[in-house]
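take this sequence and fold it.
(chains A, B and C)
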Amino acid sequence: MTSVKSLLPGATLFVFALAMAVIAAGYPLGSLLRPGPGFFPLVIAILLAGLALATMVEDWRRDGGPVPPDDEGADAGRVSMRPVIATSAAIIVFALLLERLGFVPAALALVAIAALGEPRRNWLTVALVGVFMSAFGIVLFIWLLGLPIEPFGA
Amino acid sequence: MDLLSGITLGLQTALSWQALMFCFIGVTVGTVVGVLPGIGALAAISLALPLTYYLDPTVALIMLAGIFYGAQYGGSTSSILLNLPGTATAAITCLDGNPLAKQGRAPLALFVTAINSFIGSTFAIVLVMGFAPVIAEFALSFGSAEYFSVILLGLVAASTMTSGSAWKALAMVVFGLALGQVGTDINTGQFRFTFGQYALADGFSLVALAMGLFGVAEIISNIGQPPGTVHSVGRIRFRDMLPARGEWKRIWAPTLRGSVIGSFVGALPGTGPGIATLMAYATEKRLSKTPERFGHGALEGLSAPEAANNASVQAAFIPTLSLGIPGDAVVAVLMGAMILHGIQPGPNLITNEPEMFWGLIMSFWVGNILLLILNIPLIGLWVKLLSIPYHLLYPGILIFICLGVYSADNNVFDIYVVLGFGLVGVLMRRWGFPATPVLLGFILGPLLEEHFRRAMLLSKGDLLVFFERPISAIFLALSLLFLGSVFLPGLRKRLGRQATDT
Amino acid sequence: MDVLKRKILATFAAAGLAMALPAGSLMAQSWPEEPITIVVPFPPGGSTDLLARKIGEAISGPLGQPVVVENRGGAGGTVGANYVANADPDGYTLLMGVTGSNAISAALRDDLPYSPTEDFDPVSIVISSPLVLVVRSDSDFETVEDVLTYARENPDSFTHGTPGVGTSMHMSAELFGLVSDTSLVHVPYQGSAAALQDLLGGQIDAMFGDILVTSEYITSGRLRPLAVTGTQEHFLLEGVPTVEEAGLDGYSAFSWQGLFAPAGTPPQVLDTLYAAVSDALQSDDIQALFRERGFLVEGMSPAESKQFIADEVAKWTEVVDAAGLKN
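Numbers count the residues shown, from 1 in each chain, chains lettered A, B, ... in the order given. Coordinates of the predicted model:
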């Protein structure tokens, strides 16, 4: 039964490739010698679908055994959902606030929400980090680099 | 003007106190923005450009160029220490640099990076001084057929560079190609995969993709890890930075090869340092007797691409200064700066503006020496960054990433893109899909398509054009050779194993 | 959808305000009370950026407020243009628009999220600049007539490079093909430098290029100018005929840049702005700079500009339809 789960990565990639192929087929295809805008995407999608199947075969063979760590040194083990949700929420709120309320509120919100991703946190430290990053960001991004954002307000 | 008087004139310009000061400011700013995740050289130069309206043109260019190559130094630092590459070149630095840091050898990795960057730059600067016009003319003979073959070689190299599952690496190269298809089709102007979003008309931003797949994914994976497991550093002594005697031996040949590859590929307009760096890495892995060490902290895998990267950055100035054709996006902005200052880059630049040409080239050298002086003492400081507890560090990194991608076009949309790719990156890590090939496919794919279609357009649909043109044929043969050397032994092994399995 | 709704609401609000109360005109009289932003729909360093900064600098003094230039690049200028089309029509957010963003794109794309004619009140078309048809100096083409003869005898063979579909270089060439009834091969590139590279390297035959950029190669003897696309001789290329003089009756094409405000901006604000721009264009400093860059000073009034944009959109729509380029 673990085998079925081991097929998930390849299957996801396969579905992605399929969706891409469907969209690509809607563009003018042209021919190999005069390729249209749909030609390359379609070829890529088909290649990707094939490779997705190949990785599924490979994973099935390993039969749900441990995934070997990839060469970027990431531990391929469990990723708990808590940091994923907290970090995502932090970034979304930052993006929403940046041009509406200004950089400082956005930065403070990001720091606070991201901190919820930790199993434990010290709110005093979080507040200090927020204040420090706000000040640092104002100096670097607004004063020195001249980004068109305001510390407060739109 | 002969070489010697050129050098003299250049030194006079580059060593004036004003030029020195702005060169120093440039490389310092470059190092800082390079270290900070999310803001690359392109953003920093674009943002600094308006500030130079009131400077003397030569001095302004010296400073802006300093930001450019300074950022290459800095970019390596955050890649090695935090696994946070902002560019394709930095992603390649990560491959072996980050494992070294995780083995506690960060000072050594940073030192090798600094020295090799210096050597690569120096090599390319000598080339620019002596042969810029010749190399530029050679580069002009490259048409789309030649570019197609060079890029194909790059893609072949990309798909063989990681050390995990070959199928997964290949699948990720193609996934990168797929992501690169988003945006406007150059040939017809048709929007592809933009889903009605004009913000996607130019495709995903490279910085957002890199920062998402690497940066955000890295942060999410690290949050909540018990302290101490993320990184460990001891006290740094100068001795820790120096390679051991045997290690020197392993470094020098890759460094030289990297410098050569970087200089020549970098001089081709439109290829950018990504391809040069990638080819240098792949070459070393091919030549090595122990390719299995690559990806686990091989010094060769760090030194060759570092030398190639910096050589290509300097070499990118060859077509710009001698023909007025920018080598890559960053140099294009620098060219814009020249135009703003009333200097029209073109074939007349060297004769019309010898002071600027030689001053700029000599400033590259001065700047690289400054970078070396600046960076080696800083290594200790950067490594100390690692001793800051991660929960204090990552909110700041997240803010830098968000603002960095925002600053490219002042568009909030890119912040959502970076998050999207962060989540994709988390999934990929969990499933053992490597991220570097995605980045390389993403950069090379659109170029491959562009040049293939243009070659077909110009040859009226004759595929033979790729074989009839000698330079193109050579690169195609190299690609085949490469593919053969990678897949044939593997295939044989696989077949052998299957035979014993049954 | 959301954007559209917001835009409609904003338009109604502005219209309502202007009709119901003299408040609109009161606001217009005291304008400007805060810094003005000129959005440049390209990254810094290009000619639009330079123009915006120079004009901004020049009108800032007379208006008594700082003028800030903001670069919002993307999709050939349409991202930045769309941003301004949706901004409040209060005179504080302006656009330095170009041929592509404020005329050609409307002809080319059905799904363009804004209309160049309806969503903007032009302040002034500031400058125009013709293009020049160049070939390599070692090529056999000495005159426009040579090109036409060749193109008639060898259809789909004469290749010309452009910085992309829908750029003024591309449209100038399409118009050339339409007027002369020849079919040229369009070879699009990622930016004009790449096209120039292939022209110099002998991969393509010709290019409708920027006068300033190509003049460097013309004086160094690498490129030969055959004709300029405007209606008169250009001061940087003396002795080079216009395309019309060279035999194509009724041909004229050029790129232009202009200052735009979102539709619904109070007329008094437009007039104040136009007066400031108009004065700025008289200054020796700006005249000298424009001459150096090969720009022709236009300085059209808001009314003239509005008519001009309508004409341009109509002209390029005709060319796009005739050439079958619509996306």
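
most proximal residue of the stretch 1-150 of chain B with respect to chain C?
For the stretch 1-150 of chain B, the residue closest to chain C is residue B:140, as judged by Cβ to the nearest Cβ, at 3.9 Å. (Glycine included, C-beta is placed from N, CA and C.)

which pLDDT value belongs to that residue?
Residue B:140 is assigned 82 on the pLDDT scale.

what's the neighbour count on it?
19 (other Cβ atoms under 10 Å in any protein chain shown).

can you check residue B:5 too?
For residue B:5, the neighbour count with other Cβ under 10 Å is 11.

residues contacting the closest residue to residue B:454 other than its chain neighbours?
Distances taken as Cβ to Cβ, 6 or more residues apart in numbering or on different chains place residue B:144 nearest to residue B:454, at 4.1 Å, with adjacent residues excluded. By Cβ atoms under 8 Å, 6 or more residues apart in numbering or on different chains, the contact set of residue B:144 is B:450-452, B:454-455, B:458, C:198, C:203.

for chain A, state which of the residues you listed is nearest.
Among the contacts of residue B:144, residue B:452 lies closest to chain A (Cβ to the nearest Cβ), at 7.3 Å.

so the closest one makes contact with residue B:145?
No - counting by Cβ atoms under 8 Å, residue B:452 sits too far from residue B:145 to count as a contact (9.0 Å).

in chain A, what residue lies closest to chain C?
Residue nearest to chain C within chain A: residue A:148 (4.8 Å; Cβ to the nearest Cβ).

circling back: would TSV of the contacts of residue B:144 with neighbour count, pLDDT and secondary structure be doable?
TSV is the format used below for the contacts of residue B:144 (neighbours: other Cβ atoms under 10 Å in any protein chain shown; pLDDT from 0 to 100; DSSP: H, G, I helix; E, B strand; the rest coil):
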residue	neighbour count	pLDDT	secondary structure
B:450	23	91	helix
B:451	22	91	helix
B:452	22	93	helix
B:454	26	92	helix
B:455	24	93	helix
B:458	19	91	helix
C:198	22	90	helix
C:203	22	92	coil
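
please, which helix or strand holds residue 110?
Since you didn't name a chain, this refers to chain A. Here residue A:110 sits within helix A:103-115, counting by DSSP states H and E.

not what I meant, chain B
Applying DSSP H and E, one finds residue B:110 within helix B:106-140.

from the chain's centroid, how far away is the next helix or strand after that helix?
For helix B:106-140, the following helix or strand on the C-terminal side (DSSP H and E) is helix B:144-159. Offset of helix B:144-159 from its chain centre (Cα atoms, centre = their mean, to the nearest Å): 16 Å.

per-domain residue ranges of chain A.
A:2-62, A:81-144 (automatic domain parsing).

domain ranges for chain C?
Per the record, chain C has its domains at C:2-128+C:255-323, C:130-228, by automatic domain parsing.

just say which of these is most tucked in.
Compared across these, domain C:130-228 shows the largest average neighbour count, a mean of 21 (mean count of other Cβ atoms under 10 Å in any protein chain shown).

how about that one, does it get close to chain B?
Yes - counting by Cβ under 8 Å from any Cβ of the partner chain, chain B has neighbours in domain C:130-228: C:156, C:159, C:164-166, C:185, C:187-191, C:193-194, C:196-198, C:200-201, C:203-204, C:212-213, C:215-217, C:219-220, C:222.

restricted to helices, list these.
Among these, the residues falling in helices (DSSP state H) are C:193-194, C:196-198, C:200, C:212-213, C:215-217, C:219.

turn the residues you listed into a markdown table, columns for distance to residue B:386.
As requested, those are exported to a markdown table (distance: Cβ to Cβ, whole Å):
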| residue | distance to residue B:386 |
| --- | --- |
| C:193 | 42 |
| C:194 | 42 |
| C:196 | 47 |
| C:197 | 44 |
| C:198 | 48 |
| C:200 | 49 |
| C:212 | 50 |
| C:213 | 48 |
| C:215 | 54 |
| C:216 | 50 |
| C:217 | 52 |
| C:219 | 56 |
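
residue contacts, residue A:12?
Each residue near residue A:12 by Cβ under 8 Å, 6+ apart is listed here: residue B:427.

I'd assumed it was in a strand, is it?
No - assessed by DSSP: H, G, I helix; E, B strand; the rest coil, residue A:12 does not belong to a strand; its assignment is helix.

re the thing from before, skip the chain neighbours and tell me the closest residue to the residue of the stretch 1-150 of chain B closest to chain C.
residue C:201 is the one closest to residue B:140 (Cβ to Cβ, 6+ apart), at 3.9 Å.

quick check on the one you found: phi, psi?
The phi/psi pair for residue C:201 (degrees, to the nearest 10) reads phi -80, psi 0.

and residue C:23, what's its pLDDT?
Residue C:23 carries a pLDDT value of 44.

same thing with residue C:53?
Confidence at residue C:53, expressed as pLDDT, is 89.

ok, now residue B:399?
Listed pLDDT for residue B:399 reads 92.

any low-confidence regions in the chain?
Looking at chain A here, since you left the chain open. Scanning chain A for pLDDT under 70 picks out A:1-4, A:63-79, A:154.

sorry, should have said chain B
B:1, B:161-163, B:225-238, B:486-502.
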